[in-house]
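K.L.:
Sharing a sequence plus its predicted fold:
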Amino acid sequence: MTWDEEIDATGLLCPLPVLKARKRLMSMAQGQVLRLIATDPAALIDVPHYCAESGNQVLSMDETPVHRIWLIRRT
C-alpha cells in the first residue's frame, strides 16, 4: 500500500509519536494516508487509542524487531 506522508518517530517517547501524528494528520486532506514509524513501546497502545478517539482509521500495523509501522487514513 502507498502512503502520502511519513513520520519517522524513531527514538521518541510517549507522547511525542502520537502528538506528531496528530499534528500531521490535521494538515492532511481527508482520505490521505500517513505512515508512522515508532520505537516507543507505549505507541502500541497510544496510536490505536488516538485513532479511535479522533475517528482516523488504522489501516495496518506491522512490526519489525526494532520498529512498529502504522498506516493511518485521515478521515
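P.N.:
Cool, got the structure.

K.L.:
What's the end-to-end length of stretch 7-15?
P.N.:
14 Å (Cα to Cα, to the nearest Å).

K.L.:
Hmm, I typed the wrong one, I wanted stretch 49-69.
P.N.:
Per Cα to Cα, stretch 49-69 runs 15 Å from first to last residue.

K.L.:
For it, give the mean pLDDT please.
P.N.:
Average pLDDT, stretch 49-69: 97.

K.L.:
Quick check: residue 16 touching residue 10?
P.N.:
No - the criterion here is Cβ atoms under 8 Å, and residue 16 misses it with residue 10 at 10.9 Å. The C-beta positions use only the backbone N, C-alpha and C, and glycine is treated the same way.

K.L.:
The two: who's more crowded?
P.N.:
Neighbour count, other Cβ atoms under 10 Å: between residue 16 and residue 10, residue 16 has more, with 15 against 12.

K.L.:
measure the more buried one to residue 2 for me?
P.N.:
Applying Cβ to Cβ, to the nearest Å, the value for residue 16 to residue 2 is 25 Å.
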